[in-house]
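> Sequence and predicted structure are below.
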Amino acid sequence: MTSTAFDSAALAAPAHDDAAAAPAVALTIAGSEATGGAGAQADLKTFQELGVFGIANLTCIVSFDPQDNWNHRFVPVDQQVIAHQLEATTAAYGAASGAPSVLDTVKIGMLGSPATISTVAEALAGSAFKNVVLDPVLICKGQEPGHALDTDQALKAQILPLATFVTPNHFEAESLSGLEITDLESLKAAAIRIHELSGAAVLAKGGVRLAGPDAVDVYYDGDTLEVLSAPKVGDVAVSGAGCSLAAAVTAELAKGATPLEAARTAKAFVTAGIRNRVASGAPFDALWQGGPR
């Protein structure tokens, strides 16, 4: 096991040295987040910063209610509309286009309901995605508990088995692994357990929730266990950090990086974005994807 510290200089160079070469292509299946800090908006900005042509298929519209403790207002996109988006995207860029497929990498963000999970799972099962990055959004703040539980269970049953890379935060890692995470050792145990359950590479995020001067995440793929560490930038979570981390992993995989290389680059990217965060009138700041610049 090795421990690695990161700064923005660690960001990988674009996979294509030839300026005329076509960019890699990546799809995000996620929600629209009204403040622009998270969701599909964060994903597309991350893809662009990392030199990848980004496509977004929307699953829901999320806003915050400033009059209700900034809880989410959640509006699902109609299932047929979601299916139509996925159909058009895969027909244009996937194997169904008749040309060589340029789309083999997808990121899954907020799905929000068992019905949407089933729609997306069916589309993924019928496509030839090499890389399926799951940001397992298990809780939508303000959801009814019963609905949230049904969504969590459907995600674990239908989407997790399709994933090749999973990026759970502290709460999600506890939920997926069934383990309490209180320190680095328990975060490692959770990453290992999630890999055993899913077969996917795992980047389990400790972030600011674990004690100590550094924000630590744990990468595990069945062979390599690596602690990714960077000095904490403040002690409050930043909107869009998790989305952008998973999107950066997705972008790097689309360009041909190994899962471990993608995790390292994503850690550096997000650290720089948090350092250069965007302040707002909400009780949270937003990650700036242009931070590494």
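Structure received. Fair warning: this is a prediction, and the values are worked out from it, not measured in the lab.
> now the strands: where do they sit in the stretch 51-200 of the chain?
Secondary structure of the stretch 51-200 of the chain by DSSP state E, counting those that start in this stretch: the strands cover 52-65, 71-76, 103-108, 131-134, 165-166.
> Tell me which of those sits nearest to residue 31.
When those are compared by CB to CB, strand 52-65 sits nearest residue 31, at 4.1 Å. C-beta here means a position set from N, CA and C on the backbone, and glycine is covered the same way.
> Please name every helix or strand in contact with that closest one.
If you count contacts as 3 or more CB pairs under 8 Å, 6 or more residues apart in numbering; DSSP states H and E, strand 52-65 packs onto strand 24-33, helix 39-49, strand 71-76, helix 79-93, helix 114-125.
> Give the buried residues for it.
52-62, 64 (16 or more other CB atoms under 10 Å).
> Then stretch 199-209?
200-209.
> on that earlier part again, now the buried residues of strand 52-65 as CSV including distance to residue 153?
As requested, the buried residues of strand 52-65 are exported to CSV (distance: CB to CB, whole Å):
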residue, distance to residue 153
52, 32
53, 34
54, 30
55, 29
56, 26
57, 23
58, 23
59, 18
60, 18
61, 24
62, 21
64, 26
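> quick one on the thing from earlier: among the buried residues of stretch 199-209, name the ones in strands.
201-207 (DSSP state E).
> Pull the most distant pair out of those residues.
201 and 207 (18.5 Å).
> what sits against the residue nearest to the spatial centre of the chain?
Central residue of the chain (CA atoms, centre = their mean): residue 246, 2.8 Å from the mean position. By CB atoms under 8 Å, 6 or more residues apart in numbering, the residues touching residue 246 are 43, 107, 109, 133-135, 167, 266.
> So it: helix, strand or coil?
helix (DSSP: H, G, I helix; E, B strand; the rest coil).
> quick one: low-confidence parts of the stretch 1-150 of the chain?
Across the stretch 1-150 of the chain, residues meeting the criterion (pLDDT under 70) sit at 1-20, 95-101, 139-148.
> what pLDDT does residue 220 get?
With respect to pLDDT, residue 220 scores 98.
> so it makes contact with residue 189?
No - using CB atoms under 8 Å as the test, residue 220 is too far from residue 189 to be in contact (9.9 Å).
> closest one to residue 238 among the helices and strands packed on strand 52-65?
Closest to residue 238 of those, according to CB to CB: helix 39-49, at 10.8 Å.
> helices or strands up against that closest one?
Partner elements for helix 39-49 (3+ CB pairs under 8 Å, 6+ apart): strand 24-33, strand 52-65, helix 241-254.
> now the ones you listed in CSV, with distance to residue 89?
Compiled in CSV, those are given as follows (distance: least, CB to CB, whole Å):
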stretch, distance to residue 89
strand 24-33, 6
strand 52-65, 6
helix 241-254, 14
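> So which of those is nearest residue 194?
The minimum distance between residue 194 and these falls on helix 241-254, with 14.3 Å, by CB to CB.
> Contacts only, for residue 217.
Residue 217 is in contact with 187, 203-207, 227-229, 263, 267, counting by CB under 8 Å, 6+ apart.
> Tell me the one of those nearest residue 276?
Set against residue 276, the nearest of those by CB to CB is residue 267 (15.4 Å).
> What's the local residue count around the closest one?
Other residues near residue 267 come to 26 when the count uses other CB atoms under 10 Å.
> One more: the one 4 residues further on?
If you count neighbours by other CB under 10 Å, residue 271 ends up with 27.
> What of residue 84?
Residue 84 has 12 nearby residues by other CB under 10 Å.
> Roughly how far does it sit from residue 58?
Distance of residue 84 to residue 58, given as CB to CB, to the nearest Å: 11 Å.
> circling back to that earlier point, of residue 220 and residue 189, who's got more company?
Neighbour totals were compared for residue 220 and residue 189, and residue 220 leads with 25 against 18 (other CB under 10 Å).
> okay if I get the strands of the stretch 51-200 of the chain as JSON lines plus distance to residue 277?
Converted to JSON lines, the strands of the stretch 51-200 of the chain look like this (distance: least, CB to CB, whole Å):
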{"stretch": "strand 52-65", "distance to residue 277": "17"}
{"stretch": "strand 71-76", "distance to residue 277": "21"}
{"stretch": "strand 103-108", "distance to residue 277": "22"}
{"stretch": "strand 131-134", "distance to residue 277": "23"}
{"stretch": "strand 165-166", "distance to residue 277": "25"}
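> Sweet, I'm off.
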